[in-house]
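Asker: Provide a 3D model corresponding to the input given below.
(one chain, ligands or ions: 1)
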Amino acid sequence: MRKFVVAAESLAELVELGTVTPQAAQFLETAVAAGLNIIVSGGTQAGKTTLLNGLCAAIPARERVIVCEEVFELRLPNPDLVSMQTRQPNLEGAGEIPLRRLVREALRMRPSRIVVGEVRQAECLDLPTHSKSYSGLLDSAGVELAELVAVRRAALLERISDDRDGRTLGVDRQDEDCRGLAATLHWPVVEPPYIENDTSAFKRHMVTLPDGRRALRVIRPEFRHLLDDLNDGRVDGLIAYDLDRVVRDPRDLEDLIDVVEARGLQGRIKSVTGSLRLDNDADITMARVMVAMANKSSRDTARRVARAARQRAETGGFHGGPPAVGYAHVKDAAGHVIAWQIDPEQAAWLREAAERLLAGETLYGLCTDWNRQGRRTRTGAMWRSQQIKQALISAAVIGKREYAGRLYPEVGSSWEPILERVTWDRLRDLLLDPRRYERVRGAVRKHTLSGLLNCGRDGCGRRLVGQPYNDQATFICSPTSNGGCGKLRIANDALEEFVARMAFARLDAPAASVGLDAERTAVEELALRKTLTDDQAALQRVEDDHYDGVLDRPSYLRQRGRLEERMAETSARLARLTRRHVLSGVTSGAVAGKLWDERDVAWRRTLLSAVIEHIVIKPYPAGIATTLSRRKGEDELTFVRRRREHTQWVLRERVEIIWRA
Ligand SMILES: [Zn+2]
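Answerer: I've put the predicted structure just below:
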C-alpha cells in the first residue's frame, strides 16, 4: 500500500517541522533558483517526495515546468506546468510508455525545467546527458544512482605529494579510502593502482608537443597513462581521493574532460570527497573553477617565493643558507646567522686553485693534491673535483649574487670577494668549456708530447702515438692505430727534455711575443666577451619572439642555430685564450724551467702548446750509430757525457719544432 501523505508543501514548512535547518533550506532554495541540477536521494520513507515538493515550490513562477512521474505525487503551484504520467503495458504487453520516453518527450517541449518523480532505471542515463542543453532539472532517485552505472574496470589514481600546506595525505590512506568507495559502488578495481610520485606538482619542464612546439609542462606520465587507458577502454571508471589529487593544471583537466565526453564516462569519475565530478556541464564548470583557483594560488605562491628570492638577489640582501666554500657564518648575539665572512684558510685554497687551474693543471689533479695534503670540506669529507669546480665558478667567490642564471653585478653583496672578476671570468671559460669534458672522458694524457708529434718520413706525416718499448716510453708512427708508415720510432724522455729546453729558450728570445703580449690578448678577450654577451642577448630575443608568435618556427630554428654555432666558437676561442694565460705568469725561460718540474703533465702541455704549433720527427740519420759503447780506457763520466752529446746531436738532426707565429 502506498500512502500519499503530504505533510509539507514548501521548504519553509519543512523548516517549521524541523526537517531541515533554515540555512539548508536557504541553500536549497538558492540552488533551485539558480537552475542547478538536483538529485534527491534516500531510502524508502526517507521523505524524498516531500523534499522534492518543497524544492519544486521554490521554482520561480515564470518558468515552464514539465513533470514526469509514475504516479501523480507532486503538487506544483506553477502556472506553466505540464504533468505527464507513465503507462503500464496492457494485457497483450503493448502500449507501454516508460519513464525514459517521457523524459525524452519532455526534452522536446522546450521546458525551463524537468522534474522526474522517481528515477529507477535507464532514464537516469538520459538525464545527465540531456541536461547539457537545459538548465534546471529536478528528480528524485529511489535507488543509488551510482549503482546503475555499471563500471567493470575502475582505475584508482593515487598521488604522492609533498604539499607544504598541510593537505598531505599518505598514499596508504588514499588507497584505503578509494577502495572503500569502490566497494560501496560495486566497482571492480583494476590492479595495480595508478600511483603518481609527484613531489613537485608545479615543477615545469620544457617539452616538445606533438605539433613540434616547445612549451613548459608539468610532466605526469602516470596521469597520461591513465587517460590513454580510459580512452582505449582498458579502464572504464576512475576513483581518486579528490579533485586536487587528479588535476591541478587546467590543461590536464581539459584533457580529462575530453576523454570523459568522447567516451561517455559521465557518472564514472568519482572521488572520495566528492570534489571530482564531470557528469554534466555544471560539474565541469565547477571543476574548471576549482582547478583554476587552486592553480592560481599555487602559482602565486611559487611566484611570490621566486620574486622574494630575486629581490634579495637584486638588493644584494643576505639570503641565508650554508656558507659558500671560502666563507664562514657571522652570527649575532642571539646566534642567528646574519652574514658571511671570508674563511682565510679556504679562501687561500681557492685562490691557489684558481692560479693552478689557469696555469694548466687539471681539476682532477688539483683535487687529488688537496686531498693528499689533508685538506677537507667543512663537513670533514674528502674533496670531490666537482665541489671545487662549483666553488670556483659560483658568483659568491667574487662577492656577487647569481640568481636564475643572471649575475647581479650592480649590487654590492654582504660578503667580500675572494677572487678578482677577471680571474673568475677566465676560470669559468676554462671550466665551463665543453671541450674539456671530451678530453677528460678520454684517456688521461700520460706524456706531455702526445698529439704534438708528426712523422717526418717523406709522404707520411701521420701523428705519432705512444707505445712502451723495452720498458721505455717511445712514440711510433703506427700503421695499426693511425695508418702510419710503421718505420719511425723515437724515445720519449730525452725528446721531452730536449723540446722543453728549446721552449724555455724560445721564451727568452725577444721574438717570442706569442701569448706574452698581454695587451693584445686583453683586447682580444674583451672583444670575444662582447660578442658572446651580444649573442646571448640576441638568442634571448629570438626565443621571446618565437614564443610570442612573431617569429615562425623555421626562421626561429635557423636563427637559433646560427647564434648557437657562433657562441660555441666564441667560447672555444675564449677558452684557448684563457689557456694562453699560462704564460702570463711565466716571465722567462728560467721561471718556466723551475715550474716545469713542479707542475703536472697538463700544465706542461699547456705551456708547450702556447709556443709550439707541432713537432716533426725525422727518420734516424743514416750511417749514425744508434747505440754508443764505451771506448777503451774511457771513464764512466766521459762516456756518459759523450753519449749525451751524441743524443743531443741526433735530436737536433731529427726534431723540427714548428713554432707558433
Ligand atoms: Zn710515418
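
Asker: give me the neighbour count for Leu577.
Answerer: 19 (other CB atoms under 10 Å). Bear in mind the C-beta positions are built from the backbone N, C-alpha and C, glycine included.

Asker: skipping adjacent residues, who's closest to Met382 in space?
Answerer: Asn371 (5.0 Å; CB to CB, 6 or more residues apart in numbering).

Asker: pull out the buried residues from the helix or strand hosting that neighbour.
Answerer: Using DSSP states H and E, Asn371 maps to helix 363-372. In terms of neighbour count (16 or more other CB atoms under 10 Å), helix 363-372 has its buried residues at 363, 365-367, 369-370.

Asker: and the pLDDT for Pro344?
Answerer: Confidence at Pro344, expressed as pLDDT, is 90.

Asker: now Thr627: how far from Trp603?
Answerer: For Thr627, the distance to Trp603 equals 34 Å [CB to CB, to the nearest Å].

Asker: of these two, who's got more company?
Answerer: Trp603 (21 against 6).

Asker: how about the residues of the protein by the ion?
Answerer: 455, 457, 460, 477, 484-485, 488 (CB under 5 Å from the ion).

Asker: let's see 6 Å
Answerer: 455, 457, 460, 462, 477, 484-485, 488 (CB under 6 Å from the ion).

Asker: can you lay out the residues you listed as JSON lines showing pLDDT?
Answerer: Below are the residues of the chain next to the ion laid out as JSON lines (pLDDT from 0 to 100):
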{"residue": "Cys455", "pLDDT": "93"}
{"residue": "Arg457", "pLDDT": "91"}
{"residue": "Cys460", "pLDDT": "89"}
{"residue": "Arg462", "pLDDT": "90"}
{"residue": "Cys477", "pLDDT": "92"}
{"residue": "Gly484", "pLDDT": "85"}
{"residue": "Cys485", "pLDDT": "90"}
{"residue": "Leu488", "pLDDT": "92"}
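
Asker: just the buried ones from these, in ChimeraX syntax?
Answerer: Typed into ChimeraX, the line below selects the buried ones among those, using 16+ other CB under 10 Å:
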select :455,457,460,462,477,484,485,488
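
Asker: now distance to Arg652 too, for the residues of the chain next to the ion, in a markdown table please.
Answerer: Output for those, formatted as a markdown table (distance: CB to CB, whole Å):
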| residue | distance to Arg652 |
| --- | --- |
| Cys455 | 18 |
| Arg457 | 18 |
| Cys460 | 21 |
| Arg462 | 23 |
| Cys477 | 20 |
| Gly484 | 23 |
| Cys485 | 23 |
| Leu488 | 17 |
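
Asker: and the residues of the chain next to the ion, which is closest to Tyr620?
Answerer: For the residues of the chain next to the ion, the residue nearest Tyr620 by CB to CB is Leu488; the value is 8.3 Å.

Asker: that closest one is in contact with Val616, isn't it?
Answerer: No - if you go by CB atoms under 8 Å, Leu488 and Val616 don't touch, sitting 10.7 Å apart.

Asker: and stretch 227-236, what's buried?
Answerer: Residues of stretch 227-236 classed as buried by neighbour count (16+ other CB under 10 Å): 227, 229-230, 235-236.

Asker: among the residues you listed, which ones are in helices?
Answerer: Applying DSSP state H to the buried residues of stretch 227-236, the entries found in helices are 227, 229-230.

Asker: any common contacting residues for Leu488 and Val616?
Answerer: 455-456 (CB atoms under 8 Å, 6 or more residues apart in numbering).

Asker: count of residues packed around the nearest residue to Tyr469 once chain neighbours are set aside?
Answerer: Spatial nearest neighbour of Tyr469, excluding adjacent residues (CB to CB, 6+ apart): Arg489 at 6.9 Å. If you count neighbours by other CB under 10 Å, Arg489 ends up with 16.

Asker: repeat that for Arg384.
Answerer: 13.

Asker: need the contact list for the residue nearest to it when sequence neighbours are not counted.
Answerer: Among residues not flanking Arg384 along the chain, Cys367 sits closest, at 6.7 Å (CB to CB, 6+ apart). By CB under 8 Å, 6+ apart, Cys367 lies in contact with 383-385, 388.

Asker: which of these are buried?
Answerer: 383, 385, 388.

Asker: looking at this, the last one is in a helix?
Answerer: Yes - counting by DSSP: H, G, I helix; E, B strand; the rest coil, Ile388 falls inside a helix.

Asker: excluding covalently adjacent residues, which one is nearest to it?
Answerer: Nearest to Ile388 is Cys367, by CB to CB, 6+ apart, at 5.7 Å.

Asker: pull up the gap between that neighbour and Ser385, please.
Answerer: Separation of Cys367 from Ser385 (CB to CB): 4 Å.

Asker: now Ile393
Answerer: With distances taken as CB to CB, Ile393 is found 12 Å from Ser385.

Asker: what pLDDT is listed against Ala537?
Answerer: At Ala537, the pLDDT value in this model is 78.

Asker: around it, count how many other residues there are.
Answerer: Counted with other CB under 10 Å, Ala537 comes out at 11.

Asker: same question for Cys178.
Answerer: Using other CB under 10 Å, Cys178 has 25 other residues around it.
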